[in-house]
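Student: below are the sequence and a predicted model; questions follow.
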Amino acid sequence: MRPLPEVPSAVAPVDAEHGAALVEHYPRLVRLGYLVLPQAPSRGRRVLAAHALAQRSLQAARRAGLPDAGAVPPPRRPGRAAVADPGYAYVRLQVLRGALAAGRPLRLRARPHRAQLPPLLPLVWGLRLFPHSGGADEIALEERLSELSGAGRAAFVLRGLEGLADGEVRRELADAGVADPHAALTEADGVQAPYALLGSPGFDPCSLQARPPDLPRRRRYARAALAAVAALFVCGALLGLPGDGLGRGSLTAPPYALNPAAEQALDPAALRVVPATFWERSPRTDFTAWPTRGDRTEDTRLLRRALTVWARPGGGVRTSATPRTPVGPPMGAPQLLYAGEVGASAVVLFHDGLRVVRYAEARNADPAEGAALDFARVDGADVTSAGALVVDRARDGVRYLTAPWVRQVRVRDLLAPQRAPHALHRSPDGVTGPLADPAAGSGCRSWKALELSDATAVRLVTDLGELAPARLTSGPPATPHDVSGHAEHESWARTACLLKAVRSHGVRTVNSWTYATQSLPEGGGAAQWLCTRAETWRGTGSRVLAQFQAPSARPPGSRPPGAVAARAEDSPACGARTPRVLAGVLWKSHGGRWYVLAAGSRQFTSLTTSGGVAGRARGRLLAVPARAGDRAQLNGRLADGSRVGALH
C-alpha cells in the first residue's frame, strides 16, 4: 500500500482557536463520511464509523491548529468554481482520506490505516442506531452507490454534496490518495440521480433511530461464548494427556473443528441447479426433477443471505414449520428450486431431499429488518403430490409454483360443484396469479381449489396453510382416485368446510368416500355416510372424520356441510390397512321424533346400541327410536365374529 500524500501547503493548519466554527458543521462532515464509506456490513456500523472519522479529523485539526477563516461556506451549486475555505478543506480532506482508506483491503505486510480498524468511539451498548428509512429514490441511489468504487462514490458526493467543480474534485481526490481521479469522475457520471437526494434524511447519520437489540440472541451469544471458553480449556487439557486423546489417531475431531459439508452448504456456488428439460428424462417424477427457475438465480447475495438465515436464523426471522419437521441447517448443498421476485417479496425455495424450505424478504428493504423462513416435509413425494408449492402468501392471495409437467391450472370452487372451473394465469416460470385463501374469513362461503392437469390426470389440490398443498381424492381407502364426476364433486361440496379441522397439520392427502347410504325413517329420504381421512407427510398423526350428510332440498352449492358424527386422531380406521369404520348420530325427523342412526362399512354384519338406547339390527345399518338428549353406546360385529366399537 503506497503512503498517503502529505497535506498540501495551501491548507496548512495554523491558528487553533478559530477551529470551533467547524464543529457547527459537524453533521455535514459526518454525512460526507457516511456516503463515501463502503456499504457493508450494515447501516448501523457505517453510522458509527462516520462519526468516528469526523471526530478524529476535528481532533487532529485542533492539535495542529486551523487557518484563520470565519464560518464555513455553505455548499455551492454543483460545478460552480469558488475558493474553498482552507480550514474546512483541511478537515474535509481528512474525512475523505479516512473513508477511502476504510474501503481498502487489509494486507499482511502493510501497516493498517486507522480507518480500516473497527471504531472504538463512539460506542453504544444496548441500542441499535441507524438513519431513518428513505423513499424508493433514496434506496435506489444507495444501491447504485454501493456498486461504485470508493473513489467513484467520493467523486459523486463531492460534486453533489460539496458542490465542487470537476477540477476541484480531481485535486481533492488526488490529495486523498486516489491514483486515477479522472476514472473516478467517469464512474460517477454513470449515476443517474439528482444531487438533491444526498441531503435526504435517509442519508443523515446525525438524525438516528434507536431500537433495542435482539436481547435473547445476545444472551445466547454470551452463553455460547462461555461454553466455547470452557471447551477450549477442556480441549487443552485433553491434548496434554498421553495416548490417542484428540491426537492424530482419534476418530473424532475437536469440537471447534469445521465441518466441510456444513461449510459447503452455505456456498451459493455449490447449490444443485437442475436444467429446464431434466424432468423429461428423469427416472423420478418428484421435486428432485424440478428445474431451477426465477429471475434472481444468479443473485449470489440473496442466495447467500437465504442459506445463512437457514443455518443460523436470528431473532428477527419469522419461522414456521409443519409438525415434526426438523428446522436445522441444511445437511449439504441443497437443490435450488426457485429464486425470484413474487409480489412484494424476494423468495428463494430450496429442497434438501427431506424438506422444502422457503426464504422470503421484502423487496427494496433492509434485509436486517426481518425475513420469513418456512419448513415443510416432502419426503416420499411423487407425481401425485409434487405438483405445486406455495411460493408467496400475501393479502391479495396465495401464489403457487407449479411442476414443469403441469400443462394447465384451473380454479374450482368446491362449494359450487355445478360451476365450471376457470383458468388461472401462470408466468413463464410457472408462478400462478393470486388465489384467495380458502380458509380466510369467519364463514365458509367458498373454497377455492386448484385443478392441475398433466398428460395423464387432473388432480385437485387445496391450500391448508402450508408450503405443499394437499391432494383431494375420493373412493375406497384401498383404491383412492382423483375427484371426478358430478356425484363426487357434490360430495366434496358438503365436505370442504370440514377441512379447517386439518389445517396446518402437515397434511399430504385427504380422501373422502361414501361408505354407506341409509334410508331414513318416516320417509325422510336417503342419507350418506362418509369417512374423511387426512394423511400426513410424516406418516403419523392422521385425522379421521366420520360425517353424516342428511338429504337437503336446497340446490347444489347451497346445501349445508355434513355433520361430524365421530372423529379420531392417529387412528388406522378408514385407511388402507383398516378400511372399516362405524359411527352413529342422534337424528330428528320432520315429524319431530328422535332416532339413533348408525352405519358401518361393509365389513360389519350386525350393529347394537346399549346404555340410554337399546337396540339391535342385522346388517350394517341401524335406526332405533330415542328421545332428545339420549346417549347410546354403539358396537358392531364383523364377519369373523369379533366386536368393534364406534370411531372415537
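Tutor: That came through, no problem.
Student: state the mean pLDDT of stretch 395-413.
Tutor: Looking at stretch 395-413 alone, the average pLDDT works out to 96.
Student: oh sorry, the question was meant for stretch 464-471
Tutor: 96.
Student: residue 411 - nearest residue in space that isn't next to it in sequence?
Tutor: Among residues not flanking residue 411 along the chain, residue 424 sits closest, at 5.1 Å (Cβ to Cβ, 6 or more residues apart in numbering). Glycine gets a C-beta too; all of them are placed from N, C-alpha and C.
Student: same question for residue 473.
Tutor: Nearest to residue 473 is residue 480, by Cβ to Cβ, 6+ apart, at 4.1 Å.
Student: residue 262 now?
Tutor: residue 329 (6.7 Å).
Student: helix, strand, or coil at the one you found?
Tutor: Following DSSP: H, G, I helix; E, B strand; the rest coil, we place residue 329 in the coil state.
Student: residue contacts, the residue nearest to residue 411?
Tutor: 409-411, 432-433, 435, 450 (Cβ atoms under 8 Å, 6 or more residues apart in numbering).
Student: need the pLDDT of it.
Tutor: If you check residue 424, the pLDDT there is 97.
Student: need the phi and psi values for it.
Tutor: phi -120, psi 130 (degrees, to the nearest 10).
Student: before we move on, what about the one 4 residues further on?
Tutor: In terms of degrees, to the nearest 10, the main-chain angles of residue 428 are phi -60, psi -30.
Student: name every strand pairing with the helix or strand that contains residue 545 and say which way it goes.
Tutor: Assessed by DSSP states H and E, residue 545 sits inside strand 543-549. When pairing is defined by DSSP bridges, strand 543-549 lines up against strand 526-536 (antiparallel), strand 563-569 (antiparallel).
Student: just the mean pLDDT for it, thanks.
Tutor: Confidence for strand 543-549, expressed as mean pLDDT, is 96.
Student: returning to what we had before: compare the contacts of residue 424 and tell me which is most surrounded.
Tutor: Scoring the contacts of residue 424 on neighbours with other Cβ atoms under 10 Å, the highest-scoring entry is residue 450 at 25 neighbours.
Student: ok, that residue to residue 380 distance?
Tutor: 21 Å (Cβ to Cβ, to the nearest Å).
Student: show me what contacts residue 648?
Tutor: Contacts of residue 648 by Cβ under 8 Å, 6+ apart are 566, 568.
Student: any idea how far residue 583 is from it?
Tutor: With the distance defined as Cβ to Cβ, residue 648 ends up 9 Å from residue 583.
Student: for the two, list the residues in contact with both.
Tutor: Common contact partners of residue 648 and residue 583 (Cβ under 8 Å, 6+ apart): residue 566.
Student: and the pLDDT at residue 261?
Tutor: Reported pLDDT for residue 261: 70.
Student: neighbours of the nearest residue to it once chain neighbours are set aside, how many?
Tutor: Leaving aside its sequence neighbours, residue 261 sits nearest to residue 332 (Cβ to Cβ, 6+ apart; 5.2 Å). Neighbourhood size, residue 332 [other Cβ under 10 Å]: 14.
Student: I'd like the numbering to begin with 59 instead of 1 from here.
Tutor: Sure thing, new numbering starts at 59, so read that last one as residue 390.
Student: hmm, residue 161 and residue 96 touching each other?
Tutor: Yes: counting by Cβ atoms under 8 Å, residue 96 touches residue 161, with 4.5 Å between them.
Student: overlap in contacts, these two.
Tutor: Shared contacts of residue 96 and residue 161, defined by Cβ under 8 Å, 6+ apart, comprise residue 208.
Student: where are the low-confidence patches of the protein?
Tutor: The chain contains residues with pLDDT under 70 at 59-82, 98-99, 121-143, 163-188, 191-192, 267-280, 292-317, 423-427, 615.
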